[in-house]
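Participant: next come a sequence and a model predicted from it.
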Amino acid sequence: MNENNLVSELTKIYEQYGYKKIKLNKFEDYNLYNNYKDFLQTEHILTFMNLNGNLQSLRPDVTLSIVKNVLKDNDKYTKKLFYIEDIYKIDDVSNEYEEIQQVGVEIIGTLTKYSNLEIISMVIDSLKTINNNEYILEISSIDFMFALIDELDLDEDKKLEILNLIYSKNKHDLEKTLTANNIDDKYKNAVVSLIDFSGEYKEAVKNIESLIINEKMQKAYDELKSLCAVFENYNNFENILLDFSIESKLGYYNGIIFKGYIKGNNDIILSGGRYDKLLEKFNTHISNDKNKKNAIGFAVYMDKLYKPNSIKNEYDFDILILYKSGSEKVLLNKVQNYIQAGKKVRTDIYSDDYNTDYNYKEKYIFENDNLV
């Protein structure tokens, strides 16, 4: 499926769930991104001075722009939005700025237990559309991990060190660090089990129930368990993993987070999660819980799906016709006949040394009103 068709199919999914398309400006005030650099996790923001002397940036992230726009409206209703937008970032290989298309979904407002089920359903529908059943979805819970690690009564630097060891699945150093900090075996074994119990979702969820030692962990566990309803509908438990090594943007995400992969591609092609804390940092935390906004969403990274080398062998058109001699009218009729038959046709002037970077299935020379 080519890129345009895929975007169209993804859009259809999100519209069927009742999401509305949002269109954003490519430019934002530089301070929006400068104030949330740790959310972006990049120092590379393309900036320029506008005619009014204000510093602006080409958008390196969509979520921040959507949050800013939604909160600016001060709307009490829950927003269900999808977007097809370009972002601007540094390419890992060329070290040059590149324009990348991103397709994604956001819910901002009041979230319910159903919200998680809906988002995960849309994630699975997106992955299936991208690569049928050849996909893997990894899910974690920030709240479950934090609720356990908070029991260790360590300073924040030590907690972060432990989290990073879990993210890297470094079981040896994790055990060593816990022992060095005199962590009780009860808690030590539970933390190490976050690595051990990762695996096929249904079985892993059963295993982590034994780790629950406080109310916050119970609540996070119930949230993870509730997602089984989605996977039962799709009968796809073999495609779903529980994995606490999924790294998050610390300080912004909470609740469930997830990442999607497809067969034959080692890159993360989809990711998302719940990010209530980002909204709180936008000063939207209101004492009245009824008015407090929450958020969850995900993005599909089109650049990871359509790299230059991944589309190299695709055909740009079906037929190449090189015009050498004859009636232009006859040539036009032949071209239009091919088009009516559903073919893509390109015509060029014939030359002995003709060469092209385009890919095509068939080549003809139009000479004396005939295709040779």
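Facilitator: Good, I have the coordinates. In this text the structure is predicted, and so the values were computed from the model without any measurement.
Participant: use CA for all of it now, contacts and neighbours both
Facilitator: Will do.
Participant: I'd like to know which elements the helix or strand of the chain with the lowest mean pLDDT is packed against.
Facilitator: Sorting the helices and strands of the chain by mean pLDDT, DSSP states H and E puts helix 37-40 at the bottom, at a mean of 77. For helix 37-40, not one helix or strand is in contact under the criterion 3 or more Cα pairs under 8 Å, 6 or more residues apart in numbering; DSSP states H and E.
Participant: buried residues, it. List them.
Facilitator: Within helix 37-40, the residues that qualify as buried are 39-40, counting by 16 or more other Cα atoms under 10 Å.
Participant: beta partners for residue 104?
Facilitator: residue 83, residue 299 (DSSP bridges).
Participant: that should have said residue 56, apologies.
Facilitator: For residue 56, the beta-bridge partners under DSSP bridges are residue 29, residue 48.
Participant: quick revisit: pull the least confident helix or strand of the chain out as PDB, backbone CA atoms only.
Facilitator: Extracted in PDB, the C-alpha atoms of helix 37-40 (Å, rounded to 0.1, in the frame of the first residue of the first chain):
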ATOM      1  CA  LYS A  37      12.500  20.500  25.700                       C
ATOM      2  CA  ASP A  38      12.600  17.500  28.000                       C
ATOM      3  CA  PHE A  39       9.200  16.400  26.600                       C
ATOM      4  CA  LEU A  40      10.600  16.700  23.000                       C
END
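Participant: and that helix, how far out from the chain middle?
Facilitator: 16 Å (Cα atoms, centre = their mean, to the nearest Å).
Participant: same deal with stretch 118-134?
Facilitator: 12 Å.
Participant: tell me which residues are up against that stretch.
Facilitator: 6, 9-10, 13-14, 135, 137, 227, 230, 260-263, 296-298 (Cα atoms under 8 Å, 6 or more residues apart in numbering).
Participant: how about it: buried residues?
Facilitator: 119-127, 129-130.
Participant: so residue 60 is in contact with residue 85, correct?
Facilitator: No - using Cα atoms under 8 Å, residue 60 is not in contact with residue 85, being 10.6 Å away.
Participant: between those two, which one's more packed in?
Facilitator: Comparing residue 60 with residue 85 by other Cα atoms under 10 Å, the one with more neighbours is residue 60, at 24 against 19.
Participant: list the contacts of that one.
Facilitator: 40, 45-46, 87-89.
Participant: all the strands of the stretch 151-300 of the chain, in order from the start?
Facilitator: 199-200, 240-242, 254-262, 265-274, 294-301 (DSSP state E, counting those that start in this stretch).
Participant: and those: which comes nearest residue 361?
Facilitator: With Cα to Cα as the measure, strand 265-274 is the member of the strands of the stretch 151-300 of the chain nearest residue 361 (26.3 Å).
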